[in-house]
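Trainee: Turn this into a structure:
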Amino acid sequence: MTENPSLVEYWFETSSHCDRIIEFTAFMRKWAAEVAAEGDTNDLSGIVREFRHRTRRLPQQPARHDPQSSTKQLVDDDDERFRGAMELLQQELKPRLATFSRDGERSQIENLLNVSTSDLADEFGSFSAAWDFLVELKYHTSVPDSRQLRRNAWFSVLIEHSERFIRDIISVAVLFLGRSVLRDELMACLHDADLAVYPATPRQLARLNTTAEVLADTVTGYMDRDNKNTTSFARTFGGALGAPLFDPHLTALEQGLLSGLVHGDTMDAAWALLLDVRHAIVHTTVDELHDGEPVDLDRLLYNLDKRRMELLAELLGAFCFGFAIRMMVRVAEKAEADDRELVERLRRLLSGELRVLLKRILNQERYAFAWAVAEVAIAAEPADSPGTMLRLNAYFARQQLKPGEVPRDEIARIPVGNLPRHRIIRQVLLRDFNREELEPLLDEALSSGDVAMHELRQWPALGDLWLVPWVDSWLLRYDERP
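Mentor: Take a look at the predicted model:
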């Protein structure tokens, strides 16, 4: 039984949230590829084809209004009112066509809207058929670009889940440690005049069982009220803890992910802009401003290609993941004085999980995301751990992301110690496949139990090794197929 169950519960719960944000990022990346691949449906060709089957003809020139020329139909007072409603519907539809490209399909539809209701009834065979056409056309033109709707949905889910993740990891911290390890940081936020967190209500006190639950519910309720509240509280809480929401010392987010996007030069600026983009999507009746200028939805969302949409998903995934890991590390450091042995075990647990996670991401060839995760993982390593494997994998991700741009001397200076596995990877990163040096290292790695053969063959950073001609004969010595 542990001496600090609340710390362990916090650790396990936050770790689970981190696993979920990683999987969510992969899901949003796949969804981005699907959304980006779907073509633009902002045209009238489909509706023209559909209604060409229903009509006698589609006029190429505007028809002259001549009630006497139309087919005689039985009309009473109700029908006259019906004609008036059709005329209003034609009037409503005309300006909607302005959002569509001016082509043959648009001209044909415009011509139909300019004829009399009697002529329109002639085209469709009856007033009811003409009415059905106008109503379906109204539906079609109500959503002039379904491509935008798909991107709006994808982007809204991405932002909302990112905000929810930030709220959740703070709520978990307050729930389990708000009255102990994180008491000072929580009190600083609750008393912050700029945040103006609402105090607990009698209803909360009656509904919830413990003080910890009341505190967590109060904090979550405050952040839930507005996205600005979420960012403000996370910034203040993280700053007080020493786990900043936006860490200026980490460069992979900006150099590996943000550099491929059009959303700013820093994560702080990008997050603010992305929140404004979401606001502009939701509030379509007014011009949403960012730094005094209208938000350019075309540039920031609608015109993004598949690669940039994937990068955007990974940018927010890495951002959220990094904040959670920084919080875990600072919580561990604060709790270390009271339970050093437990904290050391928790830190080792995190370190080992991050190494496996990074390997998995590298195997998926998500190199920009892997670089960002590696940088966070290196910063989270215990003080007595050099993080050698993390550093080697970080350099591998950078090499794959930006071939030829990683200085060779930086790799050569990585301290690898005496472990064969680390020496092998560094040599492969240096593109040094000298058999006289590498083959003894490979033999030593296997004979000493440092690694197993399947580990060697599964490490992403060693991929180029298996393309070297002499390695085939080495594999055969171990009854391995080249």
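
Trainee: right, and the helix or strand after the helix-or-strand element of the chain with minimal mean pLDDT?
Mentor: The weakest-scoring helix or strand in the chain, judged by mean pLDDT, DSSP states H and E, is strand 289-290 (a mean of 56). Toward the C-terminal end, the helix or strand that comes next after strand 289-290 (DSSP states H and E) is strand 293-294.

Trainee: Partner strands of that following strand, with direction?
Mentor: Partner strands for strand 293-294, per DSSP bridges, with pairing direction: strand 289-290 (antiparallel).

Trainee: What strand or helix carries residue 365?
Mentor: Counting by DSSP H and E, residue 365 is found in no helix or strand.

Trainee: so what's it up against?
Mentor: Residue 365 makes contact with residue 400, according to CB atoms under 8 Å, 6 or more residues apart in numbering. The way it works is simple: take the backbone N, C-alpha and C, and place the C-beta from them, glycine included.

Trainee: one more time with 7 Å, if that's ok
Mentor: Listed by CB atoms under 7 Å, 6 or more residues apart in numbering, residue 365 has no contact partners.

Trainee: what do you get for residue 215?
Mentor: Applying CB under 7 Å, 6+ apart, the residues near residue 215 are 174, 178, 186.

Trainee: Can you pull out the low-pLDDT segments for the stretch 51-200 of the chain?
Mentor: Per-residue confidence for the stretch 51-200 of the chain (pLDDT under 70) gives these ranges: 51-79, 99-103, 143-145.

Trainee: Isn't residue 411 up against residue 396?
Mentor: No - if you go by CB atoms under 7 Å, residue 411 and residue 396 don't touch, sitting 9.4 Å apart.

Trainee: between those two, what contacts are shared?
Mentor: With CB under 7 Å, 6+ apart, residue 411 and residue 396 have common neighbours residue 429.

Trainee: just the helices in the stretch 351-482 of the chain please.
Mentor: Taking DSSP state H, counting those that start in this stretch, the helices of the stretch 351-482 of the chain run over residues 367-380, 388-401, 408-412, 420-429, 435-447, 453-458, 469-477.

Trainee: Residue 33 is in contact with residue 306, isn't it?
Mentor: Yes - in this structure residue 33 lies within contact range of residue 306 using CB under 7 Å: 5.4 Å.

Trainee: Inside helices: which ones of the contacts of residue 215?
Mentor: 174, 186 (DSSP state H).

Trainee: Could you single out the nearest of the contacts of residue 215 to residue 7?
Mentor: residue 178 (12.4 Å; CB to CB).

Trainee: ok, that closest one - contacts?
Mentor: Counting by CB under 7 Å, 6+ apart, residue 178 has contacts 186, 212, 215-216.

Trainee: can you pick the most crowded of the residues you listed?
Mentor: Counting neighbours by other CB atoms under 10 Å, residue 186 leads the contacts of residue 178 with 24 neighbours.

Trainee: What separation do you get for that one and residue 361?
Mentor: From residue 186 over to residue 361 the distance is 33 Å, taken as CB to CB, to the nearest Å.

Trainee: Likewise for residue 202?
Mentor: 48 Å.

Trainee: try residue 13
Mentor: 23 Å.

Trainee: okay, these two: which has more neighbours?
Mentor: A direct count of neighbours by other CB under 10 Å for residue 13 and residue 361 places residue 361 higher, at 25 against 17.

Trainee: Could you verify my assumption that that one touches residue 373?
Mentor: Yes - counting by CB under 7 Å, residue 361 touches residue 373, with 6.1 Å between them.

Trainee: so how many other residues sit close to residue 231?
Mentor: With other CB under 10 Å as criterion, residue 231 counts 19.

Trainee: Helix or strand: which one has it?
Mentor: Going by DSSP H and E, residue 231 is in helix 227-241.

Trainee: Can you give the contact residues for that helix?
Mentor: 163, 166-167, 170, 182, 185, 188-189, 192, 195, 219, 222-223, 244-245, 275, 323, 327, 330.

Trainee: just curious, which of the contacts of residue 178 is nearest to residue 21?
Mentor: Looking across the contacts of residue 178 and measuring by CB to CB, the closest to residue 21 is residue 216, at 19.4 Å.

Trainee: Once you drop chain neighbours, what's closest to the closest one?
Mentor: Closest residue to residue 216 apart from its sequence neighbours, by CB to CB, 6 or more residues apart in numbering: residue 175 at 3.9 Å.

Trainee: returning to what we had before: do you know which of the helices of the stretch 351-482 of the chain lies nearest residue 338?
Mentor: helix 367-380 (20.4 Å).

Trainee: Relative to residue 311, how far out is the closest residue in space to residue 398 that isn't next to it in sequence?
Mentor: Nearest non-adjacent residue to residue 398, counting by CB to CB, 6+ apart: residue 406, 4.9 Å away. Separation of residue 406 from residue 311 (CB to CB) stands at 19 Å.

Trainee: who's more crowded, the two?
Mentor: Higher neighbour count among residue 406 and residue 311: residue 311, with 23 against 17, using other CB under 10 Å.

Trainee: Which other helices and strands does the helix or strand encompassing the more buried one contact?
Mentor: Per DSSP H and E: residue 311 is located in helix 306-335. Secondary structure elements in contact with helix 306-335, counted by 3 or more CB pairs under 7 Å, 6 or more residues apart in numbering; DSSP states H and E, are helix 5-37, helix 146-177, helix 227-241, helix 340-363, helix 367-380.

Trainee: Centre of the chain to it, how far?
Mentor: 11 Å (CA atoms, centre = their mean, to the nearest Å).

Trainee: mean confidence for that helix?
Mentor: The pLDDT scores in helix 306-335 average 98.
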